[in-house]
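Asker: 3D model of this:
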Amino acid sequence: MIQELEDVILTCELAEYGLTPGDIGTVVLVHKEGKGYEVEFTTLDGETIAIVTLTADQVRPSRQREIAHARNFAVIHRMPAHGCVLLAILKTPDLSRG
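Answerer: Numbers count the residues shown, from 1 in each chain. Next up, the predicted model:
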């Protein structure tokens, strides 16, 4: 079972947060013995993008020999939600592709 403070991999798109499958989050709370999780997604410099309640099928544990991948976000504004600050984000184009 996935434990608190364990990194997990998102398995579905969460368009309202700008999150895509493969994004890495950290479990901050386990619900009902692993039936669900509170997962925090952050930028690489530690700023919280979202804290989301997810079901067990929306995340998976990381696996050996996987590598992280970075992608760009542009912050468009901040909005309060559930006592924390979430960032509304806009995907920026991937300029690395010809």
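Asker: okay, now the unreliable bits of this structure?
Answerer: Within the chain, the ranges that satisfy pLDDT under 70 run 74-98.
Asker: same thing but at 90, please
Answerer: Low-confidence segments of the chain, defined by pLDDT under 90: 1, 15-18, 45, 47, 49, 69, 71-98.
Asker: what residue is smack in the middle of it?
Answerer: Phe41 (3.4 Å; CA atoms, centre = their mean).
Asker: that one contacts Val59, correct?
Answerer: No - contact criterion CB atoms under 8 Å: Phe41 and Val59 do not qualify, at 10.7 Å. (Glycine included, C-beta is placed from N, CA and C.)
Asker: so for the two, which residues contact both of them?
Answerer: Leu10, Gly25 (CB atoms under 8 Å, 6 or more residues apart in numbering).
Asker: and Gln58, how close does it get to Leu29?
Answerer: 15 Å (CB to CB, to the nearest Å).
Asker: more crowded one of those two?
Answerer: Gln58 (18 against 12; other CB atoms under 10 Å).
Asker: that one and Leu44, how far apart?
Answerer: 22 Å.
Asker: and the strands in this protein?
Answerer: With DSSP state E, the ranges of strands along the chain come out as 7-10, 24-31, 36-42, 48-55, 59-61, 73-81, 84-91.
Asker: can you list the strands that the shortest one pairs with?
Answerer: It stands for strand 59-61. Applying DSSP bridges to the sheet, strand 59-61 is found paired with strand 7-10 (antiparallel).
Asker: name the residues that touch the partner strand?
Answerer: Residues from elsewhere that reach strand 7-10, judged by CB under 8 Å, 6+ apart: 2, 19-27, 37, 39, 41, 54, 58-62, 66.
Asker: buried sites along it?
Answerer: Buried residues in strand 7-10, counted by 16 or more other CB atoms under 10 Å: Val8, Ile9, Leu10.
Asker: tell me who's in contact with the closest residue to the last one other than its chain neighbours.
Answerer: If you skip the residues right next to it in sequence, Leu10 has Asp23 as its closest partner in space, 4.5 Å away by CB to CB, 6 or more residues apart in numbering. The neighbourhood of Asp23, defined by CB under 8 Å, 6+ apart, consists of Ile9, Leu10, Phe41.
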